[in-house]
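[1] Using only what follows, build the 3D model:
(2 chains)
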Amino acid sequence: MSLSLDQVRRIAELSRIELAPGEAERSREQLNGIFGLIEAMQAVDTAGVAPMAHARDLAQRLREDRVSETDRHADFQKVAPEAEAGLYLVPKVIE
Amino acid sequence: MIHASLKELAAALAGKKISSVELTSLHLERIVRLNPQLNAFITVDPEKSLAMARAADARLARGEGGPLTGIPLAHKDIFCAEGWLTTCGSKMLSNFVSPYDATVIERFKAAGTVTLGKTNMDEFAMGSSNETSFYGPVKNPWDTAAVPGGSSGGSAAAVAARLAPAATGTDTGGSIRQPAALCGLTGLKPTYGVVSRWGMIAFASSLDQAGPMARSAEDCALLLNAMAGFDPRDSTSLERPAEDYAGDLEKPLAGLKIGLPKEFFAEGLSAEVAQAVEAAIAEYRRLGAVTVEVSLPNMKLSVPAYYVIAPAEASSNLSRFDGVRYGHRAPQYGDLADMYCKSRAQGFGAEVKRRILIGTYVLSHGYYDAYYLQAQRIRRLIATDFSQAFKSCDLIMGPTSPTAAFALGAKAADPVQMYLSDIYTIAVNLAGLPGMSIPCGFGAGKRPVGLQIIGDYFAESRMLNAAHQYQRATDWHARAPEL
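    Residues are numbered from 1 along each chain as shown, chains lettered A, B, ... in the order given. Next up, the predicted model:
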């Protein structure tokens, strides 16, 4: 398996990572090396093997629907790149 | 004092032979003197550390101290610590002062320990050499031309160089055990779910687990006593009765059955590591253990499966870094999508981007079954291999890493070679088992070699017992690098 340059650009776009000029070419080479390593999986017959998503088979715990945390709005927004009046600021989304 | 065990330090503190302020200052001075050549710490804040030390001294004076009260510890910069810069080794979080404490930090605070600083690490814990850090590589205190291992390389170097009595680490594919091996330390990755992941910046959530890095098994046991426990804020935290991990240390090893996986002693293992590990196993036989050959036939598939599962989880976890709520935002951008793309392009380093791209690809439409589901099926095969092996042995032993520490820069340009340095550790994370590394000798140029001990689920006490008995009979763990 080998990724095309277009595929690299597409997954970078899906990942929301801008590629610098020439970066798609460099990434492609390294990604293909890694996929070469991953490819060893494909030769294994896993028919009938249940996928293992997690180390331990756990059921999700439920808790009562009640307030358990204090309001630390201001503390958490202090580390935001841009916040105003309790809101996070981003470029205009709707014209 | 810098070579003392945690138990000895606790006794000295309780007996007023030294104060926590003095002990903390001693280590802070060593950090000032030696950190410039090692780069083990990202953040040191003496004022904060000394305030914690004063509080610990007051607590000790009131007679309310516990086994760790007043002891200074270094924390991997992956743990959120309130009021401390918490970078995860990334430019993305280079301006992030955490507004809250991770559960691990909270528990150590409750125990009265002092935070000495935040240690360097591979960016977002993605690396095996500590060379992917935005803050530059860490040097191995045994040989500053060599890597300390990764991703908990700063914690390993700090403890080995006696800049801290002990430290915390995290292990997703070997990030506690491999640097412990390469720096001559004892490091333990507990069973998945034993230590809370809350406030620990997520890499691959189904694999990440925090644990202690110290100079001896006894120290690790005392640290794990403070770290382990149920946490309702981590949905995968396990509800189990509290355990004293130091309780079984003194048990004799007579009759202990050690499984030696033949796949661990095959092609790819360096001669010097093989020799040191075999000598350690011979020592275990002298201590009364018996050895049996076991097999982990799917182990060679652990690296391929891991490099699907871990990047898949990482691509999802790291989508939170969007330049909106915290972390780096590009100084210039157009629309919202452009802001995301530029902030992430600038904030993440090359290895992190690679893993996000792999993860995005293997989760994308048309490739999910062939990669992600296949990797999860192989994960099941690997876990089954271990449960088969544990039918005929109590613990599994083998090398932690195929080689001793490699030279800085030796593998930095070749991700595949770097990934293969975790060939013996990754399977343990995939299965969710506990694993540890203890020092068992040296290779060329005084570079340490680690013996890996793998237990069945919740076998931490037994592993620590086996490690402690070995450390009573040998002195590899007590050796210190000359700096």
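[2] ranges for the strands of the chain?
    Went with chain A since none was named. Along chain A, counting by DSSP state E, strands occupy A:83-84, A:87-88.
[3] I was thinking of chain B, sorry if that wasn't clear
    Under DSSP E, chain B gives strands at B:41-43, B:72-76, B:114-119, B:167-171, B:186-189, B:209-214, B:257-261, B:290-294, B:395-399, B:435-442, B:448-455.
[4] Report the contact partners of residue 57.
    Going with chain A. Applying Cβ atoms under 8 Å, 6 or more residues apart in numbering or on different chains to residue A:57 gives no contacts. All C-beta atoms are positioned from the backbone trio N, CA, C, and that covers glycine.
[5] To clarify, I was referring to chain B.
    Counted by Cβ under 8 Å, 6+ apart, residue B:57 has contacts B:19, B:20, B:21, B:70.
[6] Make CSV out of the strands of chain A and add mean neighbour count, mean pLDDT and distance to chain B.
    Shown next, in CSV, are these (neighbours: other Cβ atoms under 10 Å in any protein chain shown; pLDDT from 0 to 100; distance: least, Cβ to the nearest Cβ, whole Å):
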stretch, mean neighbour count, mean pLDDT, distance to chain B
strand A:83-84, 13, 96, 9
strand A:87-88, 12, 96, 5
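[7] can you tell which of those is closest to residue B:46?
    strand A:83-84 (31.2 Å; Cβ to Cβ).
[8] Only alpha carbons, please: show the longest helix belonging to chain A as PDB.
    Counting residues, the longest helix found in chain A (DSSP state H) is helix A:23-38. Extracted C-alpha coordinates of helix A:23-38, given in PDB (Å, rounded to 0.1, in the frame of the first residue of the first chain):
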ATOM      1  CA  GLU A  23       5.800  19.000   3.300                       C
ATOM      2  CA  ALA A  24       3.300  16.700   1.600                       C
ATOM      3  CA  GLU A  25       6.200  15.100  -0.300                       C
ATOM      4  CA  ARG A  26       8.300  14.600   2.800                       C
ATOM      5  CA  SER A  27       5.400  13.300   4.800                       C
ATOM      6  CA  ARG A  28       4.300  10.900   2.100                       C
ATOM      7  CA  GLU A  29       7.700   9.200   2.100                       C
ATOM      8  CA  GLN A  30       7.700   8.700   5.900                       C
ATOM      9  CA  LEU A  31       4.000   7.700   6.100                       C
ATOM     10  CA  ASN A  32       4.600   5.100   3.400                       C
ATOM     11  CA  GLY A  33       7.500   3.700   5.500                       C
ATOM     12  CA  ILE A  34       5.200   3.500   8.500                       C
ATOM     13  CA  PHE A  35       2.400   1.900   6.400                       C
ATOM     14  CA  GLY A  36       5.000  -0.600   5.200                       C
ATOM     15  CA  LEU A  37       5.400  -1.600   8.900                       C
ATOM     16  CA  ILE A  38       1.700  -1.700   9.500                       C
END
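[9] how distant is it from the center of its chain?
    18 Å (Cα atoms, centre = their mean, to the nearest Å).
[10] Buried residues, it. List them.
    Residues A:23, A:24, A:27, A:28, A:30, A:31, A:34, A:35, A:38 are the ones in helix A:23-38 that count as buried (16 or more other Cβ atoms under 10 Å in any protein chain shown).
[11] ok, which residues in the stretch 151-300 of chain B are in contact with chain A?
    Residues of the stretch 151-300 of chain B lying near chain A by Cβ under 8 Å from any Cβ of the partner chain: B:192, B:193, B:206, B:207, B:232, B:235, B:236, B:238, B:298, B:300.
[12] Closest to residue B:458 out of those?
    Closest to residue B:458, out of all of those and judged by Cβ to Cβ, is residue B:238, at 8.7 Å.
[13] What is the burial count for that closest one?
    20 (other Cβ atoms under 10 Å in any protein chain shown).
[14] show me the contacts for it.
    Each residue near residue B:238 by Cβ under 8 Å, 6+ apart is listed here: A:56, A:58, B:191, B:193, B:194, B:230.
[15] Give me the lowest-pLDDT entry from these.
    Across the contacts of residue B:238, the smallest pLDDT goes to residue A:58, namely 76.
[16] pretty sure that one is in contact with residue B:239, am I right?
    No. Residue A:58 lies out of contact with residue B:239 (Cβ atoms under 8 Å); the separation is 9.9 Å.
[17] Please report phi then psi for the one residue in the stretch 51-200 of chain B that gets nearest to chain A.
    In the stretch 51-200 of chain B, the residue that lies nearest chain A is residue B:192 (3.8 Å; Cβ to the nearest Cβ). Dihedral pair for residue B:192: phi -50, psi 130, per degrees, to the nearest 10.
[18] Can you tell me the closest non-neighbouring residue to residue B:324?
    residue A:88 (5.3 Å; Cβ to Cβ, 6 or more residues apart in numbering or on different chains).
[19] do the same with residue B:199
    Residue B:199 sits nearest to residue B:102 (Cβ to Cβ, 6+ apart), 2.6 Å away.
[20] Same question for residue B:403.
    Residue B:403 sits nearest to residue B:270 (Cβ to Cβ, 6+ apart), 4.6 Å away.
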